[in-house]
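A.B. asks: Whatever this is, show me its structure:
(2 chains)
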Amino acid sequence: GAVVSQHPSWVICKSGTSVKIECRSLDFQATTMFWYRQFPKQSLMLMATSNEGSKATYEQGVEKDKFLINHASLTLSTLTVTSAHPEDSSFYICSARDFRGSIAKNIQYFGAGTRLSVL
Amino acid sequence: KQEVTQIPAALSVPEGENLVLNCSFTDSAIYNLQWFRQDPGKGLTSLLLIQSSQREQTSGRLNASLDKSSGRSTLYIAASQPGDSATYLCAVRPAGGTSYGKLTFGQGTILTVHP
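C.D. replies: Numbering: from 1, shown residues only, chains lettered A, B, ... in the order given. Reported below is the predicted structural model:
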């Protein structure tokens, strides 16, 4: 099946630094990728929709200058957490939708997630 | 605004039991509903996807049903095994509009199957 690779799986950084997270679709092209955030014992909340070749669409309440998204190719989207602070510590997960085949096979595949800890 | 609720929040059963996880959603205008499994500290694995026009989907010991009009879905797990222990999430995808493609997740059900 389709695979979405997310890197790194875990990152610890100092407050004020920036962290980049990569999301790659390995065996299919993804014109659209999604970035989610998950706090402990809570569900996933959509942060933004990443569109190849255009600006990302952010959900209400998500700071676009804080969470920079770049979708430079059909297989890669990056999320950069700028000037990270302890409250940004969370589990970040990306997903990509495989549009190949019939609509019935239009499933979102998720990366393994990145655990960000800001000290 | 779509809201997805999962009941129960946690479930502990002995190995071999059949069990049902529930998911309800407030807006019936959905494109599809998907059940996922999440192991601790890991990403999501898609288990079953039900299109809005379908009533159920089956994969191995898993069976998911969908009643769109009442805003409900159930995930049935037969003959549960310790390896089934994980958090199970349901998510709905809206039918078109500006929210096209965005999934709304429930809070999840934490399942523990003990030997």
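
A.B. asks: what does chain A put close to chain B?
C.D. replies: A:6, A:32, A:34, A:42-46, A:49, A:91, A:93, A:95, A:97, A:103-104, A:106-113, A:115 (Cβ under 8 Å from any Cβ of the partner chain). Using the backbone N, CA and C atoms, a C-beta is placed for each residue, glycine as well.

A.B. asks: Give me the buried subset of those residues.
C.D. replies: A:6, A:32, A:34, A:43-44, A:46, A:49, A:91, A:93, A:95, A:97, A:106-113 (16 or more other Cβ atoms under 10 Å in any protein chain shown).

A.B. asks: So for stretch B:46-61, mean pLDDT?
C.D. replies: The pLDDT scores in stretch B:46-61 average 94.

A.B. asks: Please apply the same query to stretch B:13-28.
C.D. replies: 96.

A.B. asks: now it: how far from the chain's centre is it?
C.D. replies: 7 Å (Cα atoms, centre = their mean, to the nearest Å).

A.B. asks: Briefly note if that stretch comes near chain A.
C.D. replies: No - using Cβ under 8 Å from any Cβ, stretch B:13-28 stays clear of chain A, with a minimum separation of 11.5 Å.

A.B. asks: just stretch B:58-71 next, same as before
C.D. replies: No - using Cβ under 8 Å from any Cβ, stretch B:58-71 never reaches chain A; the gap is at least 12.4 Å.

A.B. asks: Span of that stretch from start to end?
C.D. replies: 19 Å (Cα to Cα, to the nearest Å).

A.B. asks: what comes up buried for it?
C.D. replies: Neighbour-count burial for stretch B:58-71 [16+ other Cβ under 10 Å]: B:62-66, B:68, B:71.

A.B. asks: What helices and strands are in contact with the worst-scoring helix or strand of chain A on mean pLDDT?
C.D. replies: In chain A, the helix or strand scored least confidently by mean pLDDT, DSSP states H and E is strand A:108-110, which has a mean of 83. Packed against strand A:108-110 by the contact rule (3 or more Cβ pairs under 8 Å, 6 or more residues apart in numbering or on different chains; DSSP states H and E) you find strand A:90-97, strand B:44-51.
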